[in-house]
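**Q** mind looking at a prediction? Sequence and model below.
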Amino acid sequence: MTSPGTEHAGAAALVVKEITKDFVGLRALDSVSLRLDREEILGLIGPNGSGKTTLVNVMTGFLKPTMGQVRVDDVDITRWPPHKIARFGLARTFQTIKLFKELTVLENVEVSACKHGVTTWASQGASLPRAGQPWSGTIGWHPGRGAALR
Ligand SMILES: Nc1ncnc2c1ncn2[C@@H]1O[C@H](COP(=O)(O)OP(=O)(O)O)[C@@H](O)[C@H]1O
Ligand SMILES: [Mg+2]
């Protein structure tokens, strides 16, 4: 994957600057740059093998780049571990999700949401469905109040 550098004035929420990632015998990313402003939505498209997942892995600390830099709110996070990057606010999903089978569906949601202040559901749930069990309810999300079962 290659891209033209995108230079703008001012600090962006996310800046990927000239990221190169080499695997043995293969350059998966070749000086990739992008910039994402707050509340902006940016799509990353390309054929299989073009480097999308590799870029997301580099941005979120699962892979270290060969060269280049990732900045969040103007802080260089390039070599931070994934958990530190997630706590700093850069989150990602995975193509194949892995649930905590011993937790309820709602508790699984809570685990990913707890950084954002949702911490009380486990103590409130009476007979919540287990992960992997059929469940006809829905979970609503209320900004500022967290999740609600219906
Ligand atoms: N861990 C790895 N080791 C070696 N090569 C890899 C590794 N991960 C990805 N690649 C290679 O890097 C290229 C980009 O892969 P990937 O980022 O998965 O593409 P995409 O997500 O766009 O389908 C592919 O040629 C792939 O085979
Ligand atoms: Mg992929």
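**A** Ah, there it is. Ligands and ions are numbered 1, 2, ... in the order given.
**Q** point me to the helix or strand that includes the residue in the chain positioned nearest to ligand 2.
**A** Ligand 2 sits closest to Thr53 of the chain, with a gap of 3.2 Å, by Cβ to the ion. In this view, the C-beta of every residue, glycine as well, is placed from N, C-alpha and C. For Thr53, the enclosing helix or strand under DSSP states H and E is helix 52-59.
**Q** find the nearest non-adjacent residue to Leu36, please.
**A** Among residues not flanking Leu36 along the chain, Leu14 sits closest, at 4.1 Å (Cβ to Cβ, 6 or more residues apart in numbering).
**Q** with Pro82 instead?
**A** The shortest distance from Pro82 to any non-neighbouring residue, by Cβ to Cβ, 6+ apart, is to Gly61 (4.0 Å).
**Q** tell me how far the one you found lies from Pro81.
**A** Distance from Gly61 to Pro81, counting by Cβ to Cβ, to the nearest Å: 5 Å.
**Q** ok, the two, which is more surrounded?
**A** Using other Cβ atoms under 10 Å as the criterion, Gly61 and Pro81 rank with Gly61 on top: 21 against 11.
**Q** hang on, the more buried one packs against Val72?
**A** No. With contact defined as Cβ atoms under 8 Å, Gly61 does not count as touching Val72 (11.0 Å).
**Q** which residues do those two both contact?
**A** Ile85 (Cβ atoms under 8 Å, 6 or more residues apart in numbering).
**Q** which ones are touching Gly51?
**A** Gly51 neighbours (Cβ under 8 Å, 6+ apart): Met1, Lys21, Ala28, Leu29, Val32.
**Q** got the buried residues for the helix or strand containing Ile85?
**A** Per DSSP H and E, Ile85 falls inside helix 82-88. Counting neighbours by 16 or more other Cβ atoms under 10 Å, one finds that the buried residues in helix 82-88 are Ile85, Ala86.
**Q** export that helix as CSV, just CAs?
**A** The C-alpha trace of helix 82-88 is given here as CSV (Å, rounded to 0.1, in the frame of the first residue of the first chain):
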residue,chain,number,x,y,z
PRO,A,82,-1.9,-2.0,22.3
HIS,A,83,-3.5,-1.7,25.7
LYS,A,84,-1.9,1.7,26.3
ILE,A,85,-3.0,3.0,22.9
ALA,A,86,-6.6,1.7,23.6
ARG,A,87,-6.7,3.5,26.9
PHE,A,88,-5.4,6.6,25.2
